[in-house]
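Q: pasting the structure only:
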């Protein structure tokens, strides 16, 4: 049985053949081309939770306070940071700590079934620290 992103690792063997070896803005288009068919159909702007002006100010202050590396002016994003902010209630976020997959968009190289934007057809699941394509058993990514 495959485990979730934070669960224990299974003993299954998987073929290693990572699709992406890095992350970041230059890969947004390639990641989306691979993931779009497994995501809820939307435009890039729809993968960002809208905030009213007061919450937007609080969100930007939160980004600055916790030095979160996110461009609030970006049109295409690999993470719905505004959605996370609302969900967490603006809770403190330790520098360098991982954000949950829940708010990853299909522009992320490690977009998985755990995302709120994924369809049930999304074959990418976490097995410990490895993102696995359930169709082939191929390791798509390894988290640090």
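A: Received the coordinates, thanks. Predicted model only: the values in this text are computed from it and were never measured.

Q: isn't there a strand covering residue 87?
A: No. Counting by DSSP: H, G, I helix; E, B strand; the rest coil, residue 87 is not part of a strand but helix.

Q: and it, how many residues sit next to it?
A: 15 (other C-beta atoms under 10 Å). Placement of C-beta: from N, CA and C, glycine included.

Q: who touches it in this structure?
A: 102-103 (C-beta atoms under 8 Å, 6 or more residues apart in numbering).

Q: ok, so what distance separates it from residue 59?
A: For residue 87, the distance to residue 59 equals 12 Å [C-beta to C-beta, to the nearest Å].

Q: Flag the helix or strand of this structure with the lowest per-element mean pLDDT.
A: strand 15-16 (a mean of 44; mean pLDDT, DSSP states H and E).

Q: Now the element after it, going C-ward?
A: Using DSSP states H and E, the helix or strand that follows strand 15-16 towards the C-terminus is helix 28-35.

Q: Help me confirm that residue 77 comes into contact with residue 105.
A: Yes. Using C-beta atoms under 8 Å, residue 77 makes contact with residue 105 at a distance of 6.2 Å.
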